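Engineer: My questions concern the predicted model and sequence given below.
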There are 2 protein chains.
Amino acid sequence: MEQARPSAAKIVEFINGICPISQETMHFMQQHIFPLSLKKGQYLLQPGEICGHYYYINKGILRSYIKYGSKDITVWINPENEITTSIRSMTRQQPSDEYIQAVEDCELFALSFEAVREMYERFPDMNQFARILLELYYAETEERVYIGRIPNANARYAHFIQSRPELVNRIPLKYVASYLGITLETLSRLRAKQARKTVTSKTKSP
Amino acid sequence: MEQARPSAAKIVEFINGICPISQETMHFMQQHIFPLSLKKGQYLLQPGEICGHYYYINKGILRSYIKYGSKDITVWINPENEITTSIRSMTRQQPSDEYIQAVEDCELFALSFEAVREMYERFPDMNQFARILLELYYAETEERVYIGRIPNANARYAHFIQSRPELVNRIPLKYVASYLGITLETLSRLRAKQARKTVTSKTKSP
């Protein structure tokens, strides 16, 4: 069996963590993925384009946002070791209404829609892998629907730092604010409050 | 081949509309689904319970909501010819934090998590069917994340009546308001504005 390219070793690990696939399926995937680099601020997708790839984030952070008037509505923020795409544009093969932008310099691996479709036809275990992956991402998105609806900014911020602690200090605050649907001023106030709480609890601990 | 039970004919049609499955797979499903009736107001799932079934809505409307203090946050509203479940509770096999409630008298068909899991193991085409179904529902949920984040109640209501026109006059207004994240008063104001617009455009048309 052919050795996995060292750079793609993390994808193999990622896939096996979701649902192991056969060597044949993995081999086809390895033959069809290609690396892609993005500089901080660059776009992976812009409105009007049809999303044609799934991306594995090997390094860096991507965010998706939709322009609403002069406002950015940040819909998701994904760091390393996640698969990402514009699921609506991809599934419906329709022009995207969202931007996908690099928040940091990114190293990605891309797999085209056509290659994935061929895999679904030729390799039944690819359907199983994708079914499990989609269950996980769908469940996570259903949670985002609810979190975004919580009418209390403090509770939304608390959920964010609890569920995504690794992101808090890596993302510009304006993106965190846009993700939480609050102004930068409100976010600063929440962070100050949170910091005071941490200091107080540290002082109080034995 | 065994004839599908008449009552389940709509499920067969629904499935074939997504991705046809083999007779063997369909037969297993037909053997394991069971009908279930709910009276208006009754619960299919309550917080603390682990969701154990997928449901096909043959008749009626279900809504999911989460209690936030004294508020209901309605997360989704599903009418006939949809598959539904608590995807987070089901996928993670964790106690639910959501209520699933009948908005009208409902006729459902249920398929247990265990039966579905057995189907995934025995029938590869079930993974294909579920993968396509999950893509559709995941894309729809990703859209709900965005719609819920639009900072303009009028635009959220306009999207609701455009995307779900069949539901507008079937659901109590308090649930529509809860789904849109607005008060009943704001919803009434938006509806009055909308009605005036309709009358004006009718008067103007030749």
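Structural biologist: Now that the structure is in, tell me what you want to look at. Residues are numbered from 1 along each chain as shown, chains lettered A, B, ... in the order given.
Engineer: Pull up the per-residue confidence for residue A:199.
Structural biologist: At residue A:199 the predicted local distance difference test score is 74.
Engineer: do residue A:206 as well
Structural biologist: With respect to pLDDT, residue A:206 scores 51.
Engineer: For residue A:48, grab phi and psi.
Structural biologist: Reported as degrees, to the nearest 10, the phi and psi values for residue A:48 are phi 100, psi -20.
Engineer: Residue A:181 touches residue A:156, doesn't it?
Structural biologist: Yes. Checked against CB atoms under 8 Å, the pair residue A:181 and residue A:156 is within contact range at 7.3 Å. To be clear about C-beta, it is placed using only N, CA and C from the backbone, and glycine gets the same treatment.
Engineer: what's the helix or strand for residue A:189?
Structural biologist: Element membership of residue A:189 [criterion: DSSP states H and E] is helix A:184-204.
Engineer: so what secondary structure elements neighbour that helix?
Structural biologist: Helices and strands touching helix A:184-204, as assessed by 3 or more CB pairs under 8 Å, 6 or more residues apart in numbering or on different chains; DSSP states H and E, comprise helix A:153-163, helix A:173-180.
Engineer: Those: which one's closest to chain B?
Structural biologist: Judged by CB to the nearest CB, the one of the helices and strands packed on helix A:184-204 that comes nearest to chain B is helix A:153-163, at 8.3 Å.
Engineer: Nearest residue to residue A:42 in space, please, no chain neighbours.
Structural biologist: Closest residue in space to residue A:42, ignoring its immediate chain neighbours: residue A:102 at 5.1 Å, by CB to CB, 6 or more residues apart in numbering or on different chains.
Engineer: quick one: contacts for the one you found?
Structural biologist: When contacts are counted by CB atoms under 8 Å, 6 or more residues apart in numbering or on different chains, residue A:102 touches A:38, A:39, A:40, A:41, A:42, A:43, A:44, A:60, A:61, A:62.
Engineer: Can you list the buried residues in the longest helix along chain A?
Structural biologist: In terms of residue count, the longest helix belonging to chain A (DSSP state H) is helix A:124-149. For helix A:124-149, the neighbour count (16 or more other CB atoms under 10 Å in any protein chain shown) marks A:124-135, A:137-149 as buried.
Engineer: cool, and stretch A:155-173?
Structural biologist: Within stretch A:155-173, the residues scored as buried using 16+ other CB under 10 Å are A:156, A:157, A:159, A:160, A:164, A:167, A:171.
Engineer: Verify the stated contact: the second one with residue A:180.
Structural biologist: Yes. Judged on CB under 8 Å, residue A:157 makes contact with residue A:180 at a distance of 5.9 Å.
Engineer: hey, what's the residue most central in space within chain A bridged with?
Structural biologist: Most central residue of chain A, judged by C-alpha distance to the mean C-alpha position with CA atoms, centre = their mean, is residue A:78 at 2.6 Å. According to DSSP bridges, the partner residues bridging residue A:78 are residue A:62.
Engineer: any shared contact partners between residue A:157 and residue A:180?
Structural biologist: In contact with both residue A:157 and residue A:180: residue A:187, using CB under 8 Å, 6+ apart.
Engineer: so what's residue A:75 scoring on pLDDT?
Structural biologist: Residue A:75 carries a pLDDT value of 96.
Engineer: Write out the residues of chain A neighbouring chain B.
Structural biologist: A:66, A:68, A:71, A:73, A:75-76, A:87-88, A:91-92, A:98, A:120, A:124, A:127-128, A:130-131, A:134-139, A:141-146, A:148-152, A:181 (CB under 8 Å from any CB of the partner chain).
Engineer: Next, the contact list for residue A:18, please.
Structural biologist: By CB under 8 Å, 6+ apart, the contact list for residue A:18 reads A:129, A:132, A:133, A:136.
Engineer: circling back to that earlier point, list just the nearest of the buried residues of stretch A:155-173 to residue B:32.
Structural biologist: If you rank the buried residues of stretch A:155-173 by distance to residue B:32 using CB to CB, residue A:159 comes first, at 37.3 Å.
Engineer: The closest one: what's it in contact with?
Structural biologist: Residues in contact with residue A:159 (CB under 8 Å, 6+ apart) are A:147, A:150.
Engineer: Check what contacts the helix or strand of chain A with the lowest mean pLDDT and list those residues.
Structural biologist: One helix or strand of chain A scores below all others by mean pLDDT, DSSP states H and E: helix A:184-204, with a mean of 83. If you take CB under 8 Å, 6+ apart as the criterion, helix A:184-204 is touched by A:153, A:154, A:157, A:158, A:161, A:173, A:174, A:176, A:177, A:180, A:182.
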